[in-house]
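Trainee: Give me the fold of what follows.
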Amino acid sequence: MLVFGEEGYTKATLAQVAKRAGVSSATVSHYFGSKAALFEAMVTEEAMEIGDDNPMLLVGADGFRGVLHQLVAEKWDRLTRPGVPELTVTVIREIQHFPISAQQLFRQLSQRYRRRVEAVLNAGVMAGEFDIPDPHATSRAIGSLLLGAMMDVHFIAECTNESSCRVAAYSAIRSAVDRLVAPVSPDTTA
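Mentor: Okay, here's the model as predicted:
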């Protein structure tokens, strides 16, 4: 992930991956065969990890807002892991060079997150907790907010190694999400 993130898909080589992993190029070639196969295996592993740690979200005392906060926190943690910001930029910049299966998998991963957020927003609207005219558009806005904040913190603010910066950014994101996902006002429930 780090090599693809640093070098980009086109410039990354199996030799660079092998060197970073501390193994021979022949070993990498033996297990993966090609750069495309290695990249697809990496993406598939990431997808399986995302699928494995997404248990059913339960509504607790904080209601659907608490579930939404949990989804936002999980996504923020994932986006700010080492190597993920660089890989994200690589994906945005070079997706047309990836194998078709990797392109589709990346799209499915982002769509899966948006669908989960949208489901929580719809449930919150149905329960009378949220006043959102378009949960689909709001779920896209939340995803974009997280992506933009990650890119700002990592590439523009240059505070990638400062946990206090990431924590402050997350706090601002959570506040922005709370403003975006308005509670139902007392006037509309009467």
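
Trainee: contacts and neighbour counts: CA atoms only from here.
Mentor: Will do.

Trainee: List the buried residues for the helix ranked longest in the chain?
Mentor: When the chain is parsed with DSSP state H, its longest helix is helix 100-126. Across helix 100-126, burial judged by 16 or more other CA atoms under 10 Å covers 102-103, 105-106, 109, 113-122, 124-125.

Trainee: same thing with stretch 64-76?
Mentor: For stretch 64-76, by 16+ other CA under 10 Å, it's 64-69, 71-73, 75-76.

Trainee: Inside helices: which ones of these?
Mentor: In helices, judged by DSSP H, the following of the buried residues of stretch 64-76 are found: 64-69, 71-73, 75-76.

Trainee: Now do the strands in this protein.
Mentor: In the chain, no strands are found when defined by DSSP state E.

Trainee: what stretches of it score poorly on pLDDT?
Mentor: The model of the chain has pLDDT under 70 over residues 46-58, 98-99, 101-105, 158-162, 187-190.

Trainee: repeat that with 80
Mentor: Low-confidence regions of the chain, defined by pLDDT under 80, span residues 1, 5, 8, 40, 42-61, 83, 87-110, 157-164, 185-190.

Trainee: circling back: distance to residue 132 added to the buried residues of stretch 64-76, as CSV?
Mentor: Output for these, formatted as CSV (distance: CA to CA, whole Å):
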residue, distance to residue 132
64, 13
65, 13
66, 16
67, 16
68, 13
69, 16
71, 18
72, 17
73, 21
75, 21
76, 22
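
Trainee: Of those, which is the nearest to residue 182?
Mentor: Nearest to residue 182 among the buried residues of stretch 64-76: residue 65, at 9.8 Å, using CA to CA.

Trainee: could you list every residue that touches the closest one?
Mentor: residue 124 (CA atoms under 8 Å, 6 or more residues apart in numbering).

Trainee: re earlier: most widely separated two among the buried residues of stretch 64-76?
Mentor: Checking the buried residues of stretch 64-76 with CA to CA, the most distant pair is 64 and 76, at 18.3 Å.

Trainee: wait, residue 177 sits on residue 140?
Mentor: No - under the criterion of CA atoms under 8 Å, residue 177 is not in contact with residue 140, lying 11.7 Å apart.

Trainee: Settle it for me: which of these two has more neighbours?
Mentor: Neighbour count, other CA atoms under 10 Å: between residue 177 and residue 140, residue 177 has more, with 21 against 17.

Trainee: and the more buried one, what does it touch?
Mentor: Residue 177 neighbours (CA under 8 Å, 6+ apart): residue 142.

Trainee: what's the answer for residue 18, then?
Mentor: Applying CA under 8 Å, 6+ apart, we find residue 18 in contact with 24-25, 27-28.
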